[in-house]
Structures are given as C-alpha cells and as structure tokens.
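# Attaching a predicted model along with its sequence, questions to come.
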Amino acid sequence: METIPKSECQNIGFFRKTHGIHGSLVLEYEPQFEFSIEETNRFFVELEGLLVPFFIKKDGLRFRTINTAVVDLDWVDSEKYAKRLVGNSVYLFKY
C-alpha cells in the first residue's frame, strides 16, 4: 500500500471535539489556511502515523470563528466514529 508522504503535506490544525451526534467535528486550524480549507474537498488525518484521506461531504464545511470550522466527512456519521478522530492532526497537500 502506498502512503502519502508528510513532506508533501502541510499540517493545518487538528480536530478539537465532536459537534452534535451525527459525526460532525470541530476543526481548529491556523487562520492563514482558511482559503485553502475553503478550496479543498478532502483532508488528510494522521492516524497511527499515516495520513489517511477523508472527503468532505457536500456543504459539509461551516466556518464558526476565525480559526474553527464544523466539518462533516464522508463515512463519519456517528458521534462514536467521530470521537476516534478527535485530537488527530489534519493536513492538506502543499501543492
């Protein structure tokens, strides 16, 4: 299995907590990445040292403050699953 090298990605923040009971997550990010976050359709989440892609659901990104957004990811549809992602680092491709 081929993995995504961290050298090709930029750490933008982490998942701070869950939001509600349907699997939404609060992403805390560095403000300079707001435009990049708006333009992407996926994040890479660090799980056990590997970067795993998660796609954002249609209309699944809502900015809350200058450095937080509520995110709905494909296949993450329960609070139980979302809790597994809390605290993990979130990355975007640099290029």
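Looks like it came in fine. Numbering: from 1, shown residues only.
# name the element the residue lying closest to Lys17 once chain neighbours are set aside belongs to?
Take Lys17 and drop its neighbours on the chain: the residue closest to it by C-beta to C-beta, 6 or more residues apart in numbering is Val26, 5.1 Å away. (C-beta placed from N, C-alpha, C; glycine too.) Val26 is part of strand 24-29, with elements assigned from DSSP states H and E.
# Determine the set of other helices and strands touching that strand.
strand 9-19, strand 68-73 (3 or more C-beta pairs under 8 Å, 6 or more residues apart in numbering; DSSP states H and E).
# that older thread, distance check, the residue nearest to Lys17 against Glu48.
22 Å (C-beta to C-beta, to the nearest Å).
# Look at those two and report which has more neighbours.
Val26 (18 against 6; other C-beta atoms under 10 Å).
# Residue ranges in this protein under the pLDDT threshold?
The chain contains residues with pLDDT under 70 at 1-2, 95.
# What residues of stretch 50-69 count as buried?
Leu51, Phe54, Ile56, Lys57, Gly60, Leu61, Thr68, Ala69 (16 or more other C-beta atoms under 10 Å).
# quick one: the fifth one from Thr18, how far?
When you say that, I think you mean Gly60. 14 Å.
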